[in-house]
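A.B. asks: show me the folded form of this:
(2 chains, ligands or ions: 1)
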Amino acid sequence: MAEMTMIQAINQAMAQEMERDERVVILGQDVGKNGGVFRATEGLQGRFGEERVMDTPLAESAIVGTSIGLAVNSFRPIAEIQFLGFIYETMDQISAQAARVRFRSAGRFTSPIVIRSPYGGGVRTPELHSDSLEALFAHTPGLKVIMPSNAYDAKGLLISAIRDNDPVLFLEPMKLYRAFKLEVPDEVYEVPIGEAKVVKDGEDVTIVTWGATVPLAQKVAEEAEPRNISVEVIDLRTVQPIDLETIVQSVEKTGRLIIVHEAVKSAGVGGEVASLVSEYSLFSLASPILRVTGYDTPYPVPSVEDDWLPTAPRIHAAIEKVMEF
Amino acid sequence: MYDEKNLNHEMVQFMDQYGSLLHDNIDLNDSQLLEIYNWMLKTRLFDEKMVRMQRQGRIGTYAPFSGQEASQVGSTYAMEKDDWIFSSYREIAATMVHGLPMQQSILYAKGHMYGGQSPDKLNIFPIQIIIAGQTLHAAGCALASKLKGENDVSVSYFGDGATSEGDFHEALNIASVFKVPSVFFCQNNHWAISVPLHQQTASQTIAQKAIAYGVKGVRVDGNDVLAVYHVMKEALESARNGEGPTLIEAVTYRQGPHTTADDPTKYRNNDEVNEWAKKDPIDRFRTFLNKRGLMDEDKQEKMKGIVNEEIEKAVAEAESTDRVTVDKAFDYVYDKPHKLLLEQQEESRQFLTIKEGR
Ligand SMILES: Cc1ncc(C[n+]2csc(CCOP(=O)(O)OP(=O)(O)O)c2C)c(N)n1
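C.D. replies: The predicted structure is shown next:
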């Protein structure tokens, strides 16, 4: 077992799946010689050749659209979209095409593709490089949306995604790519899609979060300890489908729920989680459900982004509020 | 049968690589020639300054344009004051020549909230990050000029990579169908991050893509400022005369990395870089001016001094511009912010932490 960053784990997951299954191919901008702008595909073209790791022209709709065609004709493509803000270019191919192939053909054709993309802020990127757009895709029936928060999960979830028979959007928090290392088994393993994980046990408040904000929520939970507030943190890991049971179990124990995400607040996945809890577990709630999120503005310029993103003080304030209710 | 090999791929040139004139009908006087040179030198020194400032952590990610000065300065110098520019992140020289204050570009690079706010009445649209998105905006803006009976031309600037995006093709097509006064100016700098031109497109040239849309296509030596100027002038005139859009392919080279976050040694070999360094657009134009007796060592040094002062002044101005806090972001989301948004703005103020040094 080796200690790995998330980006190394993602690289290894792809390498091992390509080794195991020759139907797996990679396509995207700069994924070849350059190894991707974040080095996620580093060394893969050298190892598997230009026919399995393909630098494409600069055309996102083409990357995803041709992936669908490849998949229909027996390949298992992994498409890379360089930054999530560029995924708008391919909304049609993802939401109106890939996600509907199974439904449209009544099961005859499927679209087992994985679309990988870095997302999230705090790294001083130019406009449209940092947006968190998971809600757009969680709203698309037929698509799965995965957002890992650490190297171990990233490897196992990506392997599951590659093996999954449905289209999967795999969103990688770029702030966490190299933020810390974890023990990652050398062997191939799967982390099941659609299962959340309790990353810290607690009694008083549940925080549900995913992707980039998981370490932040964990830190806040630890800071709350000395004040005798016991926070349980759930890493959702998959935002479509959502693991309702894990959330409900936790809220039934703690009676309080805070949702933390980087994406803008309105009509986000946080609203979905809150709504599910009120549907399935209203009477276990001792206080209103609160959300700590990005604000409802376009993702702002680098000089102010730290104050835009969810911060520890904002989460602490939410904790106070639900505790005092 | 349509024969790709018989297309006319001639490349327009006014100066050879050694600054000797190949055409005698340049319609620029001496002071204009010197003004053009001044712009090229200024923007080159600005670009180098920005790269150094990025290394010092004084600005964010930056996309250098050194090597592309002839394409940018030559094309914009041909434009009229009221013509429109729709550019991407690498066209800083073009926007400066068109009137964008230098400190505005620095503010943008600093990630300042008002970095995208160009002065009123200056027809420059904010920098486009989405590759090729701006080509459609230019087509639409040109359509508006046509509908209003105004004389302005809308110019979009983009790279060779952009010609692979659907937006580019849709823009050429609609601009041509509506015969709008627009110029599509491609700086073919041979690389889209790590992807070389021949992997970007299987066409022999980018200019030839115009043919399919019924648009005029021109291929010009993009390191030859005189050729770029004249080709652009002609395209603008033709647009103003109601003859519709032109696609210009300026063949040039990105001398530096794609951005300050990129390492070109991973994908690009040094021989190529050195070959193109010999074709440097500023060196070539200086040799031309020398031969005409318009430039010498002394003049060059003097010009450099003045230009550097101007750059330092703009940097100082940008760096002393007040920082803006995140609550200002809410002011520009809607014409009138709704109630829940105002609540969020209020909340953002409560949690403001003013950071030093930014
Ligand atoms: C729609 C979209 N996809 C991908 C990117 C990432 N990206 C930024 S610049 C670039 C290469 C652009 O090359 P080109 O169009 O030739 O312009 P150049 O940078 O060479 O001026 C890429 C892939 C982007 N900004 N927008």
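
A.B. asks: make it CA atoms for all contacts and neighbour counts henceforth
C.D. replies: OK.

A.B. asks: report how many residues lie close to the residue of the stretch 251-358 of chain B found nearest chain A.
C.D. replies: Closest contact between the stretch 251-358 of chain B and chain A, by Cα to the nearest Cα, is at B:Val326 (5.2 Å). Residues near B:Val326, counting by other Cα atoms under 10 Å in any protein chain shown, number 25.

A.B. asks: can you pull the contacts of the residue nearest to it when sequence neighbours are not counted?
C.D. replies: Nearest residue to B:Val326, sequence neighbours excluded (Cα to Cα, 6 or more residues apart in numbering or on different chains): A:Val304, at 5.2 Å. Counting by Cα atoms under 8 Å, 6 or more residues apart in numbering or on different chains, A:Val304 touches B:113, B:324-326.

A.B. asks: helix, strand, or coil at A:Val304?
C.D. replies: Secondary structure, DSSP: H, G, I helix; E, B strand; the rest coil: A:Val304 is helix.

A.B. asks: wait, a helix at B:Val155?
C.D. replies: No: secondary structure of B:Val155 (three-state DSSP): strand, not part of a helix.

A.B. asks: can you give me the buried ones in stretch B:329-343?
C.D. replies: B:329-330, B:341-342 (16 or more other Cα atoms under 10 Å in any protein chain shown).

A.B. asks: give me the subset of these lying in helices.
C.D. replies: Residues of the buried residues of stretch B:329-343 located in helices (DSSP state H): B:341-342.

A.B. asks: turn the buried residues of stretch B:329-343 into a markdown table, columns for distance to chain A and pLDDT.
C.D. replies: A markdown table is the format used below for these (distance: Cα to the nearest Cα, whole Å; pLDDT from 0 to 100):
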| residue | distance to chain A | pLDDT |
| --- | --- | --- |
| B:Ala329 | 7 | 95 |
| B:Phe330 | 6 | 97 |
| B:Leu341 | 7 | 97 |
| B:Leu342 | 10 | 97 |
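
A.B. asks: what is the neighbour count of B:Asn38?
C.D. replies: The number of residues near B:Asn38, taken as other Cα under 10 Å, comes to 19.

A.B. asks: can you report how many residues lie near the closest residue to it other than its chain neighbours?
C.D. replies: Leaving aside its sequence neighbours, B:Asn38 sits nearest to B:Met303 (Cα to Cα, 6+ apart; 7.3 Å). If you count neighbours by other Cα under 10 Å, B:Met303 ends up with 16.

A.B. asks: helix or strand: which one has B:Met303?
C.D. replies: helix B:297-319 (DSSP states H and E).

A.B. asks: for that helix, what is the average pLDDT?
C.D. replies: Averaging pLDDT along helix B:297-319 yields 98.

A.B. asks: please state the offset of it from the chain centre?
C.D. replies: How far helix B:297-319 lies from its chain's middle: 21 Å, per Cα atoms, centre = their mean, to the nearest Å.

A.B. asks: kindly export that helix (C-alpha atoms) in CSV.
C.D. replies: In CSV, the C-alpha atoms belonging to helix B:297-319 read as follows (Å, rounded to 0.1, in the frame of the first residue of the first chain):
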residue,chain,number,x,y,z
GLU,B,297,20.0,52.3,-31.4
ASP,B,298,19.5,55.7,-29.7
LYS,B,299,15.9,56.1,-30.7
GLN,B,300,15.1,52.6,-29.7
GLU,B,301,16.6,53.1,-26.2
LYS,B,302,14.8,56.3,-25.8
MET,B,303,11.5,54.8,-26.8
LYS,B,304,12.1,51.9,-24.4
GLY,B,305,12.7,54.3,-21.5
ILE,B,306,9.5,56.1,-22.1
VAL,B,307,7.5,53.0,-22.6
ASN,B,308,8.9,51.4,-19.5
GLU,B,309,7.9,54.4,-17.5
GLU,B,310,4.4,54.2,-18.8
ILE,B,311,4.2,50.6,-17.8
GLU,B,312,5.5,51.2,-14.3
LYS,B,313,3.0,54.0,-13.8
ALA,B,314,0.1,51.8,-14.9
VAL,B,315,1.3,49.0,-12.5
ALA,B,316,1.6,51.5,-9.7
GLU,B,317,-1.9,52.8,-10.4
ALA,B,318,-3.4,49.3,-10.6
GLU,B,319,-1.6,48.2,-7.4
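
A.B. asks: isn't A:Pro173 up against A:Trp210?
C.D. replies: No: with contact defined as Cα atoms under 8 Å, A:Pro173 does not reach A:Trp210; the gap is 9.7 Å.

A.B. asks: who has more neighbours, the two?
C.D. replies: A direct count of neighbours by other Cα under 10 Å for A:Pro173 and A:Trp210 places A:Trp210 higher, at 27 against 24.

A.B. asks: quick one, what contacts the residue of chain A found nearest the ligand?
C.D. replies: Distances between chain A and the ligand by Cα to the nearest ligand atom are smallest at A:Phe86, namely 4.8 Å. Residues near A:Phe86 by Cα under 8 Å, 6+ apart: A:60, A:128-129, B:130.

A.B. asks: just checking, next helix/strand downstream of the helix or strand containing A:Phe170?
C.D. replies: For A:Phe170, the host element (DSSP H and E) is strand A:168-173. In the C-terminal direction, the helix or strand that comes right after strand A:168-173 (DSSP H and E) is strand A:182-184.

A.B. asks: how about that next one: buried residues?
C.D. replies: A:182, A:184.

A.B. asks: got it, and stretch A:11-26?
C.D. replies: Under 16+ other Cα under 10 Å, the buried positions of stretch A:11-26 are A:11-15, A:17-18, A:24-26.

A.B. asks: interface residues of chain A facing the ligand?
C.D. replies: Neighbours of the ligand within chain A, by Cα under 6 Å from any ligand atom: A:58, A:86.

A.B. asks: all helices of chain A, in order?
C.D. replies: Under DSSP H, chain A gives helices at A:6-20, A:44-48, A:60-72, A:91, A:101-104, A:134-138, A:151-163, A:214-224, A:244-254, A:269-281, A:305-308, A:312-324.

A.B. asks: same question, the stretch 1-150 of chain B
C.D. replies: With helices called from DSSP state H, counting those that start in this stretch, the stretch 1-150 of chain B shows them at B:30-55, B:69-77, B:92-97, B:102-109, B:133-148.

A.B. asks: among those helices, which is nearest B:Asp24?
C.D. replies: helix B:30-55 (14.1 Å; Cα to Cα).

A.B. asks: ok now do A:Arg314, which residues does it touch?
C.D. replies: So A:Arg314 contacts A:292, B:351 (Cα under 8 Å, 6+ apart).

A.B. asks: could you measure from it over to B:Leu352?
C.D. replies: 10 Å (Cα to Cα, to the nearest Å).

A.B. asks: again, but for B:Pro101
C.D. replies: Applying Cα to Cα to B:Pro101 and B:Leu352 gives a distance of 30 Å.

A.B. asks: and the spatially closest residue to B:Leu342 that is not a sequence neighbour, what is it in contact with?
C.D. replies: Leaving out its chain neighbours, the residue that sits closest to B:Leu342 by Cα to Cα, 6+ apart is B:Phe330, at 7.7 Å. The contact partners of B:Phe330, taken as Cα under 8 Å, 6+ apart, are A:297, B:337, B:341-342, B:345.

A.B. asks: quick check: end-to-end length of stretch B:156-165?
C.D. replies: Where stretch B:156-165 begins and where it ends lie 14 Å apart, using Cα to Cα.

A.B. asks: hmm, that stretch touching chain A?
C.D. replies: Yes: applying Cα under 8 Å from any Cα of the partner chain, one finds stretch B:156-165 touching chain A at B:161-162, B:164-165.

A.B. asks: which one among the contacts of B:Phe330 gets closest to A:Ile289?
C.D. replies: Using Cα to Cα, those come closest to A:Ile289 at B:Leu341, 18.8 Å.

A.B. asks: can you count the residues close to the residue nearest to the closest one when sequence neighbours are not counted?
C.D. replies: In space, and not counting its chain neighbours, B:Leu341 is closest to A:Asp296: 6.7 Å by Cα to Cα, 6+ apart. Using other Cα under 10 Å, A:Asp296 has 20 neighbouring residues.

A.B. asks: these two touch, right, A:Asp296 and B:Leu342?
C.D. replies: No: if you go by Cα under 8 Å, A:Asp296 and B:Leu342 don't touch, sitting 10.0 Å apart.
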